[in-house]
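**Student:** what would the 3D arrangement of this be:
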Amino acid sequence: MAENESRLLMLIDDEPAQSRLISALAAREGWRTLVVGDSETAIATLGTRQGMQLAAIILDQWVPGDDACQLIEELKSRRPALPILMLTTSASPLLAVEAMRAGATDYLIKPVAPDRLMQALRSATKREAPKDELQPLTEKMPASLDFDAMIGTAPAFRTALARAAKTARGHGAVLIEGESGTGKEMLLRAMHAASPRAKAPLRTINIGGVPSSSLESILFGHEQDAFPGAFDRQIGALQHCDGGTLVLDEVDRLDQSVQGKLADCIEQGIVRPIGARHGFRVDVRLLSASNLPLADLVAAGHFDARLHAALAATTIVLPPLRDRPGDIPALTRHFLARIGEQPGLRHHSITDGALSLLAAFDWPGNVRQLQSVLFRAAVYCDGETLTIESFPQLLELIGDSAAAGGALHESGGVMLYTDDGNLRPLEDIEADVIRLAIGHYRGRMTEVARRLGIGRSTLYRKLSDLGIDNAA
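**Tutor:** This is a model prediction of the structure:
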């Protein structure tokens, strides 16, 4: 916080309630906020003594309306290095493209979660962060809801998908673990769409985006006058989803004061709203996602062991993108095809050199970061093909040796070579190919055997000899 204590934020907003909220959120990390209510005052402020101290600008698109991008261009022309974040109620990709081309650093959809707002401010002003290329961007491209939309042939990834597709058909709780950006939310949506409860009530709660003081009421509900401010009775998410599915995203951030009550609710099948004299029996399927291994949190005493057991009837782990570099070309082409369908953008191809550059980066933000980087590159590319030069910050970070490195030592997601450049043993390669086939054909063993050109009895013998669990 000390680094941000003297930083000044200019908020261009004419809504007093929203201005107070954003000012209060920014103050938590040491920001001082200067609120201006119109475009003319904002431009004039840049030339004042206070204006010279500005470290960032947040612009509510509602203030200048259709002239928001024009205002961004004007502000950037006067202060090119000043980060500008735009708040809007519009999820239009066209507006996002126009705002970025005008010079916006990030694009936030209202109502914006407190954590998302502060993360955007931190990313925009962090001095050691790479330039625009690696800053996160909120894309609002429509997401597919089926397993086929999840691209990748790496064995660990395909095994995770096969297990998810098999588990989706049941009613038990499922926990998906993996680093941020690996695709946990997308996988949860695909599982729900393929489940017997697909048409039943569904609710998703992002634990990290909900104040801990409100979480118990949101989950369990409350009676009128149960606590100060409870003016009306509220039905909680668990009761609302009776017969359906409740998705808990970032469940590793669940407050410990709520964990025990949730464990009791799951074990008993009864939800008791705050202030209620009796509970309600519910039938809810819980799908959860965690950025951290919950077993480690349990061992450290930070997560309730009973709740972990209740949520993790089945645990699926999604590998980070750095462990599946062979999937980057397919992911890149998939994202470029989707990006090209957005208003204001065109379809782009990409050179082999650029693909090698992307494959050489370790992608700490995983698949989500790759999508953001490609989105930015497509926005600023005037030609039809993305090249190495389309990713200047990546090139600056890892050098051009990666681009000259040539082909990846992978084929269809199966590693052929060891780290020292020698071929892997045939038995290991065969095991990976079988795992890949099981994942690709979603555990349909007759189809796996047919595609591999062997009989079912031979396939099961190989599974036994190689120690492969076909239900994994």
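**Student:** quick one: secondary structure of Q224?
**Tutor:** Put simply, Q224 is coil when judged by DSSP: H, G, I helix; E, B strand; the rest coil.
**Student:** now do the contacts for it.
**Tutor:** A230, F231, D232, R233, G275 (C-beta atoms under 8 Å, 6 or more residues apart in numbering). C-beta here means a position set from N, CA and C on the backbone, and glycine is covered the same way.
**Student:** any regions of the stretch 101-250 of the chain where pLDDT drops low?
**Tutor:** Scanning the stretch 101-250 of the chain with the threshold set as pLDDT under 70 gives 126-146.
**Student:** now the contacts of Q224 in JSON lines, with secondary structure, neighbour count and distance to Q119?
**Tutor:** Formatted as JSON lines, these follow (DSSP: H, G, I helix; E, B strand; the rest coil; neighbours: other C-beta atoms under 10 Å; distance: C-beta to C-beta, whole Å):
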{"residue": "A230", "secondary structure": "coil", "neighbour count": "15", "distance to Q119": "31"}
{"residue": "F231", "secondary structure": "coil", "neighbour count": "8", "distance to Q119": "32"}
{"residue": "D232", "secondary structure": "coil", "neighbour count": "8", "distance to Q119": "32"}
{"residue": "R233", "secondary structure": "coil", "neighbour count": "14", "distance to Q119": "34"}
{"residue": "G275", "secondary structure": "coil", "neighbour count": "15", "distance to Q119": "35"}
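**Student:** would you turn those residues into CSV with distance to T315?
**Tutor:** Written out in CSV, the entries for the contacts of Q224 read as follows (distance: C-beta to C-beta, whole Å):
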residue, distance to T315
A230, 36
F231, 41
D232, 38
R233, 36
G275, 35
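**Student:** would you agree L85 falls within a strand?
**Tutor:** Yes. Assessed by three-state DSSP, L85 belongs to a strand.
**Student:** on the strand side of things, show who it bridges to.
**Tutor:** Counting by DSSP bridges, L85 forms beta bridges with I58, D106.
**Student:** correct me, but it touches M118?
**Tutor:** No. Distance between L85 and M118: 11.1 Å, which falls outside the contact criterion (C-beta atoms under 8 Å).
**Student:** closest to the centroid, which residue in this protein?
**Tutor:** The residue lying closest to the centre of the chain (C-alpha atoms, centre = their mean) is G181, at 4.3 Å.
**Student:** pretty sure that residue sits against G365.
**Tutor:** Yes. Using C-beta under 8 Å as the test, G181 is close enough to G365 to be in contact (4.7 Å).
**Student:** picking up where we left off before, more neighbours: which of L85 and M118?
**Tutor:** Between L85 and M118, counted using other C-beta atoms under 10 Å, the more crowded position is L85 (22 against 16).
**Student:** which residues touch the more buried one?
**Tutor:** Taking C-beta under 8 Å, 6+ apart as the criterion, L85 is in contact with A56, I57, I58, L59, A104, T105, D106, Y107, L108, A120, L121, A124.
**Student:** and the second one, how far from A81?
**Tutor:** I take that to be I57. As for I57, its distance to A81 is 12 Å (criterion: C-beta to C-beta, to the nearest Å).
**Student:** before we move on, what about the first one?
**Tutor:** Going from A56 to A81 by C-beta to C-beta gives 11 Å.
**Student:** and for the fourth one?
**Tutor:** Distance of L59 to A81, given as C-beta to C-beta: 16 Å.
**Student:** with L8 instead?
**Tutor:** In this view, L8 and A81 are 15 Å apart by C-beta to C-beta.
**Student:** the two: who's more crowded?
**Tutor:** L8 (16 against 5).
**Student:** ok so Q119 is a strand residue?
**Tutor:** No. Applying three-state DSSP, one finds Q119 to be helix, outside a strand.
**Student:** now do the phi/psi pair for P211.
**Tutor:** In this entry, P211 is assigned phi and psi values of phi -60, psi 140 (degrees, to the nearest 10).
**Student:** could you check how far it is from I454?
**Tutor:** Following C-beta to C-beta, the distance that separates P211 from I454 is 57 Å.
**Student:** likewise G383?
**Tutor:** Here the criterion is C-beta to C-beta. By it, G383 lies 48 Å from I454.
**Student:** again with E427
**Tutor:** Here the criterion is C-beta to C-beta. By it, E427 lies 15 Å from I454.
**Student:** between these two, tell me which one has more neighbours.
**Tutor:** The neighbour comparison of E427 against I454 (other C-beta under 10 Å) goes to I454, with 14 against 11.
**Student:** leaving out chain neighbours, which residue sits closest to the more buried one?
**Tutor:** For I454, the nearest residue in space outside its immediate sequence neighbours is K462; the separation is 7.7 Å by C-beta to C-beta, 6 or more residues apart in numbering.
**Student:** report all helices and strands that the helix or strand in which that neighbour is found contacts.
**Tutor:** Using DSSP states H and E, K462 falls within helix 456-466. With contacts defined as 3 or more C-beta pairs under 8 Å, 6 or more residues apart in numbering; DSSP states H and E, the packing partners of helix 456-466 are helix 426-440, helix 445-452.
**Student:** deepest of the ones you listed, which one?
**Tutor:** Counting by mean count of other C-beta atoms under 10 Å, helix 426-440 has the highest mean neighbour count of the helices and strands packed on helix 456-466, with a mean of 18.
**Student:** report the angle between that one and helix 445-452.
**Tutor:** An angle of 130 degrees separates the directions of helix 426-440 and helix 445-452 when computed by axes from the mean of the first three to the mean of the last three C-alpha atoms, to 10 degrees.
**Student:** what is helix 426-440 packed up against?
**Tutor:** helix 155-168, strand 414-415, helix 445-452, helix 456-466.
**Student:** how does this structure divide into domains?
**Tutor:** The record, using automatic domain parsing to delimit domains, assigns the chain the ranges 2-129, 155-317, 416-466.
**Student:** looking at these, which is closest to R376?
**Tutor:** Nearest to R376, of all the domains of the chain, is domain 2-129, at 7.1 Å by C-beta to C-beta.
**Student:** and the next element down the chain from the helix or strand hosting L336?
**Tutor:** Secondary structure from DSSP H and E places L336 in helix 328-339. From helix 328-339 onward toward the C-terminus, using DSSP H and E, the following helix or strand is strand 349-350.
**Student:** now do that next one: distance to the chain's middle.
**Tutor:** Centroid separation for strand 349-350 versus its chain: 25 Å, with C-alpha atoms, centre = their mean, to the nearest Å.
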